[in-house]
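> model this:
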Amino acid sequence: MGRRRFTREFKIEAVRREGDRTIAEVARELGVGAGLLGRWKAQFEADTGAFPGKGRLKESDERVRRLERENRELRQENAFLKKTASYFARDDRGGSK
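Residues are numbered from 1 along each chain as shown. Next comes the predicted model:
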């Protein structure tokens, strides 16, 4: 039995599935190793022509990847701001007038 090969599309979809789940959960679901999925995610996020050997990305694919990366960053910033606001709101309720 040789090495399994995965298409670029499969890898991208696998990385997208993570969302709010852990890499291990998605890897189990797809039947791949968590380490492998982690490497795919790192390649995707590094934006180095993700998953070489499957051809150069089209301009529209590059734009989608850039927008997805920006979306991911904005979600992280939003989560941070929510936590920060929650912390300060909690602090204000316990304070004196």
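> state the mean pLDDT of the helix ranked longest in the chain.
Looking across the chain with DSSP state H, the single longest helix is helix 59-94. In this model, helix 59-94 has a mean pLDDT of 85.
> could you pull up the residues touching residue 61?
Applying C-beta atoms under 8 Å, 6 or more residues apart in numbering to residue 61 gives no contacts. Every C-beta, even on glycine, is put in place using the N, C-alpha and C of the backbone.
> domain assignment for this structure?
Following automatic domain parsing, one finds the domains of the chain at 1-56, 57-97.
> so of the ones you listed, which one's packed in deepest?
Ranked by mean neighbour count, the domains of the chain are led by domain 1-56 with a mean of 14 (mean count of other C-beta atoms under 10 Å).
> quick one: average pLDDT of that one?
For domain 1-56, the mean confidence score works out to 80.
> how far does that domain sit from its chain's centre?
Computed by C-alpha atoms, centre = their mean, to the nearest Å, the chain-centroid distance of domain 1-56 equals 10 Å.
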